[in-house]
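Participant: return atomic coordinates for the entry below.
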Amino acid sequence: MEKQTELLADIGVNRPNTAETEMPGTLESFEVLVFDDREGEISLSDRPLSIKTADEARALASRLARGHAGTAVVSRRGNTAIGEAGPALVLEQHGRIGDFD
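Facilitator: Numbering: from 1, shown residues only. Next up, the predicted model:
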């Protein structure tokens, strides 16, 4: 198990094997956050955009970054049946981003 964790870390994955650590019903969601520069202050433009897969979120964030101060792709794990959501993990960012949670 330790060897597997080291290999995953080498390719940028810093999570343990989800099958071993998560309760049944745990889902991963992906969001694209868009930030704009408003008079020198970077702030979230609108509500996060929910996207089905990490690859689709990355592609959208890359396209949207061209017209905004920055974008970020975040992943959250949680169990929607019980209203549980974990912390946001930034998978990718473009440009300048502000605070979010």
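
Participant: CA atoms for contacts and neighbours, from now on please.
Facilitator: Fine.

Participant: biggest strand in this protein, by residue count?
Facilitator: Longest strand in the chain, counting residues (DSSP state E): strand 27-38.

Participant: report the buried residues of it.
Facilitator: For strand 27-38, a neighbour-count test (16 or more other CA atoms under 10 Å) marks 29-37 as buried.

Participant: could you dump those into TSV and include pLDDT?
Facilitator: Output for the buried residues of strand 27-38, formatted as TSV (pLDDT from 0 to 100):
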residue	pLDDT
Ser29	91
Phe30	95
Glu31	94
Val32	96
Leu33	95
Val34	96
Phe35	95
Asp36	95
Asp37	94
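
Participant: between these, which is nearest Ala65?
Facilitator: Of all the buried residues of strand 27-38, Ala65 sits closest to Val34, with 7.7 Å by CA to CA.

Participant: show me the shaky parts of this protein.
Facilitator: 1-24, 80, 100-101 (pLDDT under 70).

Participant: nearest to Gly70, of the buried residues of strand 27-38?
Facilitator: For these, with Gly70 as the reference and CA to CA as the criterion, the closest is Phe35, at 5.1 Å.

Participant: ok, now which ones touch Glu31?
Facilitator: By CA atoms under 8 Å, 6 or more residues apart in numbering, Glu31 lies in contact with 48-51, 57, 73-75.

Participant: which among the residues you listed count as buried?
Facilitator: Here, 16+ other CA under 10 Å leaves 51, 57, 73-75 buried among the contacts of Glu31.

Participant: strands - which of those residues land there?
Facilitator: 51, 73-75.

Participant: any idea what the spatially most central residue of the chain is bridged to?
Facilitator: Geometric centre of the chain, nearest residue: Val74, 1.0 Å, by CA atoms, centre = their mean. Per DSSP bridges, the residues bridged to Val74 are Glu31, Val90.

Participant: surely it touches Pro87?
Facilitator: No. Contact between Val74 and Pro87 fails when scored by CA atoms under 8 Å: they sit 9.5 Å apart.
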